[in-house]
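Student: below: sequence and its predicted model.
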Amino acid sequence: MAGNGNENTGGDFSFSAAAARDALPRITTEKGAKSPSPSVCQDDTAPPVNFQTIDELHSLQKKRSAPTTPLRDGGVAGVTGTSGPTTPVSAENMLQSVSASLASLTRETGPKLIRGDPTSLAKVAHVPHTPTSLPAADVSDSGLKFTHVLHNLSPAELYEQAIKFEKGSFVTSTGALATLSGAKTGRSPKDKRVVKDETTAAELWWGKGSPNIEMDEQTFLVNRERAVDYLNSLDKVFVNDQYLNWDPENRLKVRIVSARAYHSLFMHNMCIRPTPEELENFGTPDFTIYNAGKFPCNRFTHYMTSSTSVDINLGRREMVILGTQYAGEMKKGLFGVMHYLMPKRKILSLHSGCNMGKSGDVALFFGLSGTGKTTLSTDHNRLLIGDDEHCWSETGVSNIEGGCYAKCIDLAREKEPDIWNAIKFGTVLENVVFDEHTREVDYSDKSVTENTRAAYPIEYIPNSKIPCVGPHPKNVILLACDAFGVLPPISKLNLAQTMYHFISGYTALVAGTEEGVKEPRATFSACFGAAFIMLHPTKYAAMLAEKMQAQGATGWLVNTGWSGGSYGSGSRIKLGYTRKIIDAIHSGSLLNATYRKTDIFGLEIPDEVEGVPSDILEPINAWADKDAYQDTLLKLARLFRNNFETFTNHKIGDDGNLTEEILAAGPNF
Ligand SMILES: Nc1ncnc2c1ncn2[C@@H]1O[C@H](COP(=O)(O)OP(=O)(O)OP(=O)(O)O)[C@@H](O)[C@H]1O
Ligand SMILES: O=C([O-])CC(=O)C(=O)O
Ligand SMILES: [Ca+2]
Ligand SMILES: [Mn+2]
C-alpha cells in the first residue's frame, strides 16, 4: 500500500519529545498557527487538502474517463463496476452483447457479467438477468457465477494486469511489455481446422496442398463449448472490440475474448483501434475469436491430432483457439477470414507489406515469413501503409491491421532504427531474453525461440501513413530469402513471370541453427501465404494479374537471402545493399537500366544498381565454385518445376492464354 506512515491527517503535526533525538532541534507545529510570512523560505505551500483519509486520497487519484454519451440514471443499469456508481447505456449494451457472445450452446445467455477488475474493492451489484425458465438440467453452478469483463482496457491497464497476474511479464528498459507465449512460440498450421459445410465445401480450396484441413460443424461446436466454458470459468475475461481494414467501406468489426492481458494488448496493437465514439456504437461484431489458448483441446475429439486446435467457422463467423497461446494465431486467423470475405467483393487480400513514396508511388512487398516484408516496408524515406496484410480494391490499397509484428532476432539500432525505436511503452515483446536487473533486451539471444517478435501500433513508426490507405501500386516486389544463393539479388519480371513466382511462393530458409552446416530447405507457399488463403491460389493470382495489368504495375523478384554460395559457404546479402536495390525500384531508375537474361530461370538482371557492387548482381560471378553454382541452380529449378506440377491443370482467370504464358514463365532446362 502507498502511505509511508507519516500522513498528515489534520492540521496538527508534531514530533513527541520522547521520539526527538538530542541532536535534533525540537519541531512543533501548532494547531491554528498563523501561516508563516511569505518571506520565510518553506516547502509546503500547498493549499488545504480535499481528503481526510488515505482512502479518500486514493479515490482522488483516478478520475473517471470522460463519457462520450450522457449517462443514464444509476438505477437503470444497476451495474456497479470499478469506475463509478453508474454505467453508461453503451456499457450496459456492451455487457449484454458480451454475454451473448459467451452464451454456451446449452444456456440461452452467458454468465452474469460485471464490468471491471475482480480484485477491485468496489462493491458489485448483480447484472439484471432476464428471468428465464430453464429446464432443471440446464441449471449448473457455472451459470450462477460472475465473470468480470475487462473491455477494451488501455495499454497501461493491461500492463498492470499482465504484471500482476501473468508469469513472465516484465517491463523492459525501454518500456515494452516482455511476455512469454508459452510452449508454442510460432503458429501451428497443422492444427488449423476449417469447418466444411455445404457452402464452404463448394467455395474453399480443399485437398492436396491446401491449408484448409476440414472439421465438421458438430466438432467445431464441441471445441467452441470447451473454450467458452473455460473462459466462463475464469474470474475475468478480456474483451477487445476492434476493426479490421482501413477501407471504411469494407471494414470488419471483430471481437476477441481472451484469458490473458498479453492477448488483449497484442490485439489492441494489431487491430484498428476504435475511437470512444465508434466503440459506443460498436453493436454486434461481424466476427468473434474465443481464445482459450491456455486450455488444451480434448484429443479424443474427432479430427483432433494434438492438444492444439485453431478452428475457423465461416458460417458462424467464429474462431476458437485451444492449446496455444501464441498470439500470432489470432492475427493470422483473422487474415484467413479476410481471404474468404474480400474476394467475394472483388477485393484482393495480400500477404504483403506496403509503403508509399512522397509522390504517391505505392509498392507492395510479398514474401513468406522472414523474407523482409516488415524490414523493407519500414523505410525512413517512405510512408508506411502496413507491414503484413493488405487489400487491393477498385480504389487502391488498404492495410487490414492497425499494427506491425516485427521479427526481433538480431535486431540492431543502426540497421533498423524505426523498428528499434518502436519498442517502447505499449509494445508487446514476445519471448525475448533480457538482463534481470537492467531489463535491457539481448536481441541476439535465442534461448526461448528464434521467432522473437515485437507487436506495436503502426503509429509508433514515425512516418506511418494514417489512415493506412493508398492509391494503386506501381511496383510489386516479390521477396525470396534464397538460402541456396542462386537467385539474383534483383530481377525484373514480366507479368507471366510475376504470376509464376507469385503462385510458386518460394523461399528457402535455413533449417536449423545447431552446429554444423545445415542444408537450406526450399519452401513453396502459394501466393506467398498458403497458410492463410481460403480459395484456390489461381483465384488470387488471376485477380493480381488483372489488377497489375490494369494499373501497369511492374513486378520484381528480390533475393534477400544468400550470395556467393549457399548457406554455409556464401553470406546473406547485406541489408544495406537490399535497401539500395529497393530504393532504385522506387525511384524508377531501375526501370531504365540495361538488362540481361539469365539461363534456366530466364530472369532479367540489371547491369548496375547504384550503391550495390556489380559483381553480386549476376549470382555466378559471386560464386568461387562455378560448377557448384550450376548444380545448385539446377537443383532449385527442379524443385520449382516439381512444385508447380499441381497447378498445371488449373486455368488462371478467363484467359487461357495467360495460363499458357505462366506455365512457360518457369525455369527452362
Ligand atoms: N538483405 C536483407 N533483406 C531483408 N531482411 C534481411 C536482410 N538481411 C537480414 N535480414 C533480416 O531478415 C529478417 C526479415 O524479417 P521480417 O520481419 O522483415 O520478415 P517478414 O517478411 O515481415 O515476415 P513475417 O510475415 O513473418 O512477419 C529481419 O530480421 C532482417 O533484419
Ligand atoms: O503469423 C505469424 O506468426 C508471423 C507472420 O507474420 C507470418 O508467419 O507470416
Ligand atoms: Ca512481418
Ligand atoms: Mn506475416
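Tutor: The structure has been received and is ready for your questions. Here the structure is a predicted model, which is why all the values come from computation and not from measurement. Ligands and ions are numbered 1, 2, ... in the order given.
Student: make it CA atoms for all contacts and neighbour counts henceforth
Tutor: Will do.
Student: run a quick neighbour tally on the residue of the stretch 451-600 of the chain found nearest ligand 1.
Tutor: Proximity of the stretch 451-600 of the chain to ligand 1 (Cα to the nearest ligand atom) peaks at Leu575, 3.6 Å away. Using other Cα atoms under 10 Å, Leu575 is surrounded by 16 other residues.
Student: so who does it touch?
Tutor: Residues counted as contacts of Leu575 (Cα atoms under 8 Å, 6 or more residues apart in numbering) are 415, 560.
Student: ramachandran angles for it?
Tutor: phi -60, psi -40 (degrees, to the nearest 10).
Student: report pLDDT for it.
Tutor: The per-residue pLDDT reported for Leu575 equals 97.
Student: near ligand 1, which residues of this protein?
Tutor: The chain has residues 367-375, 405-409, 560, 573-575, 578 near ligand 1, with proximity defined as Cα under 6 Å from any ligand atom.
Student: how near is the residue nearest to Asp361 when sequence neighbours are not counted to ligand 2?
Tutor: With sequence-adjacent residues excluded and distances taken as Cα to Cα, 6 or more residues apart in numbering, Asp361 is closest to Lys474, at 6.0 Å. Distance of Lys474 to ligand 2, computed by Cα to the nearest ligand atom, to the nearest Å: 23 Å.
Student: Lys474 looks like it's in a helix, true?
Tutor: No: Lys474 is assigned strand when assessed by DSSP: H, G, I helix; E, B strand; the rest coil, not a helix.
Student: what about the helices in the stretch 401-550 of the chain?
Tutor: 417-422, 495-504, 537-551 (DSSP state H, counting those that start in this stretch).
Student: which stretch among those comes nearest Thr659?
Tutor: Closest approach to Thr659 among the helices of the stretch 401-550 of the chain is made by helix 495-504 (8.5 Å; Cα to Cα).
Student: output the closest one as CSV, nothing but the C-alphas.
Tutor: In CSV, the C-alpha atoms belonging to helix 495-504 read as follows (Å, rounded to 0.1, in the frame of the first residue of the first chain):
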residue,chain,number,x,y,z
LEU,A,495,3.5,-10.3,-65.9
ALA,A,496,3.6,-14.1,-66.6
GLN,A,497,6.8,-14.4,-64.5
THR,A,498,5.3,-12.4,-61.7
MET,A,499,2.3,-14.8,-61.7
TYR,A,500,4.6,-17.8,-61.9
HIS,A,501,6.6,-16.7,-58.9
PHE,A,502,3.5,-15.5,-57.0
ILE,A,503,1.8,-18.9,-57.4
SER,A,504,5.1,-20.7,-56.5
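Student: still on that earlier bit, will you turn the helices of the stretch 401-550 of the chain into TSV that also has mean pLDDT and mean neighbour count?
Tutor: Formatted as TSV, the helices of the stretch 401-550 of the chain follow (pLDDT from 0 to 100; neighbours: other Cα atoms under 10 Å):
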stretch	mean pLDDT	mean neighbour count
helix 417-422	98	18
helix 495-504	97	24
helix 537-551	96	18
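Student: and the ones you listed: which comes nearest ligand 3?
Tutor: When these are compared by Cα to the ion, helix 417-422 sits nearest ligand 3, at 11.1 Å.
Student: how far does that closest one sit from its chain's centre?
Tutor: 17 Å (Cα atoms, centre = their mean, to the nearest Å).
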